[in-house]
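**Q** Build me a model from this:
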Amino acid sequence: AILHLLYARFITKVLYDMGYITFTEPFTALLNQGMVLMDGSAMSKSKGNLVRLSEQLDEHGVDAIRLTMSFAGPPEDDIDWADVAPHASAKFLARAWRLARDVTSSPDVEWKTGDRSLRRVTHHFLADAPGLIESFKFNVVVARIMELVNATRKAIDSGPGGADAAVREATETVALGLSLFAPYTAEEMWEALGYPPSVALYGWRKADPTLLVAESVTCVVQVDGKLRDRLEVSPSVTPAELEDLVRALPAVARTVGDKEIATVIVRAPKLVNVVTR
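**A** Below is the predicted model of the structure:
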C-alpha cells in the first residue's frame, strides 16, 4: 500500500506539472486495508495463498465469507483467518433468512400499529447505520444487524408474533442492511417478504425521529452529594415533579431522617441532590 500511494502521488504531481490537472494530491481520503493472515503469516511468493478462497467459498458460500471479512474488525487492521469463523456467519445468515419466512403480515401493513419497542430498535439502526458506513465501521454495522435480528426473533417467539407490523418492518430493515454485506441472502429475504427484485435498488429508509427519543431516562438521586438511589423518569419531567418524586423515595427519607432539608438541587431530568443541614 505504501508503494501504491507513492506511485499515485508521483503520477499526480507529474500531471500537475505538465498542466493536465489542477490538483496536486490524488485522493481526498485514503483507506489502506489490512491483510488476511493465516496463523500470523502473510501471503508471499514462497508461501503462496495460505487461505484458499475457492475452498472457503465452496464450503461456506460467498455471503458468509463477505460477512466474515466485514465483521472481523476494522478494515484497516490485519485479520488472522485462523481466528475467524465463517461457519458462524453462515449460521447467522440462515437465522436472518428464517425471519422472512416467519413474517405473516402483508407488505402493505401499517408499521405504526406495530410493537413500539421493536420499532425503536429498528429506527435506531436506520439512523446510525449510514454514518457508520461512511466512517468504514463495517464491523459495527454487522454487529448492529445481529442485534436487530435478535430483537426481531425475540418478538416473533415470545412477543407480538410474526403477524405484528413491527416484525415485518424490522425484517425488511435486516434485508436492507444485509444487502450491503450478504446480497444473495438479502435478495432471497426480499423475495420471501413479497417484493420484486432488487433490494439493492430500494434505497435506505429514513428513521422516524419520534422513535429515537428516549422514553425514559435514569435520574441519579443524591443526598448531600452521595448516591442514594436511581429513578426512571420521563425526559420531559418538570423540576417540580421530579423533586416531589425524589422526596417520596424511601431511600431519601431514610437517609435524611431527622435532619432538615436545606435545599434541593434539581437538574431535570438526570440529577437531584438533596442537601441537608
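
**Q** just checking, what packs against the biggest helix by length in the chain?
**A** Longest helix of the chain, by residue count under DSSP state H: helix 138-158. On a contact count with 3 or more C-beta pairs under 8 Å, 6 or more residues apart in numbering; DSSP states H and E, helix 138-158 meets helix 62-71, helix 86-102, helix 116-134, helix 165-178. To be clear about C-beta, it is placed using only N, CA and C from the backbone, and glycine gets the same treatment.

**Q** mind checking which of these is nearest residue 223?
**A** Residue 223 sits nearest to helix 116-134 of all these, at 33.3 Å, using C-beta to C-beta.

**Q** Contact partners for the closest residue to residue 113 other than its chain neighbours?
**A** Leaving aside its sequence neighbours, residue 113 sits nearest to residue 165 (C-beta to C-beta, 6 or more residues apart in numbering; 5.0 Å). Residues in contact with residue 165 (C-beta atoms under 8 Å, 6 or more residues apart in numbering) are 105, 109, 110, 111, 112, 113, 114.

**Q** Quick check, the first one in contact with residue 169.
**A** No - assessed by C-beta atoms under 8 Å, residue 105 is found out of contact with residue 169, at 9.3 Å.

**Q** Same drill for these two, tell me which one is more crowded.
**A** For the pair residue 105 and residue 169, the greater number of neighbours falls to residue 169 (25 against 22), based on other C-beta atoms under 10 Å.

**Q** Let me see the contact set for the more buried one.
**A** By C-beta under 8 Å, 6+ apart, the contact list for residue 169 reads 111, 114, 119, 122.

**Q** do residue 162 as well
**A** Residues near residue 162 by C-beta under 8 Å, 6+ apart: 102, 103, 104, 105, 156.

**Q** Same question for residue 161.
**A** 104, 155, 167.

**Q** tell me which of those is nearest to residue 259?
**A** Comparing these against residue 259 with C-beta to C-beta picks out residue 155 as the nearest, at 48.6 Å.

**Q** Can you report how many residues lie near that closest one?
**A** For residue 155, using other C-beta under 10 Å, the count is 23.

**Q** Could you work out the most separated pair of the contacts of residue 165?
**A** Spatially, the most separated pair among the contacts of residue 165 is 105 and 112, at 13.0 Å (C-beta to C-beta).

**Q** Please parse the protein into its domains.
**A** Domain ranges of the chain: 2-60+70-82, 86-211, 217-276, per automatic domain parsing.

**Q** Deepest-packed of those domains, please.
**A** Among these, domain 86-211 has the highest mean neighbour count (mean count of other C-beta atoms under 10 Å), at a mean of 18.
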